[in-house]
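Colleague: structural data only, the sequence is not supplied:
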């Protein structure tokens, strides 16, 4: 996931909190947070959806991060440049290749950092992508498995996606069911699977639900390989490089443009408070079956 190659095996030698609210969940505030993580060794970098955590000292503790809408980590060689205006915390690491600065940036400030114990996963399977350990931070236990997680139970997901009256796009964005699918990627997966975003869960056929899960996995895998989707200079990877998945978007942000599949103008509307894009010709509501 990018951060692994820089952080694995490194020791956290110092922490500089530049905005106290980024550790608002930590009972001890900036001082308590720093005391908990300084001196610890990073043994794994693990992800579940928008939650990322570092296993410290063999699973004794987790340095957890909720990325919110704009949170990200960036690395820099030491001596590091002046922190970015959106940098909320800077860690100094002593790694196999020498010292590094690890910055936590968060433009919209919805994300946060915390130090917390790891608890056992209910199913005994790995807690997330990046580690075989069956442990997960307490604050992440309620989040569904990542759509790319090999431990994701297909039958359970399809059953959840076919129950209730909520529109299927709302279910895709419900991180307690399946995590990792954001607004952009939900539109792209729905377009690939030819499913209308407002289709009620109870109206989704088993075949359509299966196609949607596979499309979601494809979209997320391709987006990760491309470094994500960067619409401005802030959204970059851990090395500061922009992602380029936006060049492959078929639906999101293309309202009024021709559908790449049928040529009909793509639609745009706000559904559940989120900007949504689809093709009225290719994506129609389906009867359950």
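Modeller: Structure's in. What do you need? Not measured: the values here are computed from a predicted model.

Colleague: okay, CA-based contacts and neighbour counts for the rest of this
Modeller: Fine.

Colleague: just the helices in the stretch 51-200 of the chain please.
Modeller: All helices of the stretch 51-200 of the chain, identified by DSSP state H, counting those that start in this stretch, fall at 154-161, 168-172, 183-193.

Colleague: do you know which of those helices lies nearest residue 272?
Modeller: helix 168-172 (7.0 Å; Cα to Cα).

Colleague: check the offset of that closest one from the chain's centre.
Modeller: 16 Å (Cα atoms, centre = their mean, to the nearest Å).

Colleague: helices and strands around that helix, which ones?
Modeller: Using 3 or more Cα pairs under 8 Å, 6 or more residues apart in numbering; DSSP states H and E, the elements in contact with helix 168-172 are helix 154-161, helix 183-193.

Colleague: so how far is the shortest one off the chain centroid?
Modeller: To tie it back to what came earlier, the one meant is helix 154-161. Centroid displacement of helix 154-161 relative to its chain, using Cα atoms, centre = their mean, is 20 Å.

Colleague: could you do the last one as well?
Modeller: The gap between where helix 183-193 is centred and where its chain is centred comes out at 15 Å by Cα atoms, centre = their mean.

Colleague: what of stretch 87-100?
Modeller: How far stretch 87-100 lies from its chain's middle: 22 Å, per Cα atoms, centre = their mean.

Colleague: just to revisit the earlier point, residue 94 is nearest to which of the helices of the stretch 51-200 of the chain?
Modeller: Of all the helices of the stretch 51-200 of the chain, it is helix 183-193 that lies closest to residue 94, at 36.0 Å by Cα to Cα.

Colleague: show me what the following helix or strand past the closest one is packed up against.
Modeller: Note on helix 183-193: by DSSP states H and E, the next helix or strand toward the C-terminus is helix 206-225. Counting contacts by 3+ Cα pairs under 8 Å, 6+ apart, helix 206-225 packs against helix 154-161, helix 183-193.

Colleague: who touches the longest one?
Modeller: Counting contacts by Cα atoms under 8 Å, 6 or more residues apart in numbering, the residues outside helix 183-193 that touch it are 169, 172-173, 196-197, 208, 211-212, 215-216, 219-220, 249-252, 274-279, 282-283.

Colleague: and with 7 Å instead?
Modeller: Helix 183-193 has contacts (Cα atoms under 7 Å, 6 or more residues apart in numbering) with 169, 172-173, 196-197, 211-212, 215-216, 219, 249-252, 276-278, 283.

Colleague: closest to the centroid, which residue in this protein?
Modeller: Relative to the mean C-alpha position of the chain, the nearest C-alpha, by Cα atoms, centre = their mean, is the one of residue 50, at 3.0 Å.

Colleague: among the helices of the stretch 51-200 of the chain, which comes closest to residue 42?
Modeller: Among the helices of the stretch 51-200 of the chain, the nearest to residue 42 by Cα to Cα is helix 183-193 (30.5 Å).

Colleague: what residue ranges in the stretch 101-250 of the chain score low on pLDDT?
Modeller: Scanning the stretch 101-250 of the chain for pLDDT under 70 picks out the ranges 227-247.

Colleague: circling back: the helices and strands packed on helix 168-172: which one's closest to residue 66?
Modeller: The minimum distance between residue 66 and the helices and strands packed on helix 168-172 falls on helix 183-193, with 17.0 Å, by Cα to Cα.
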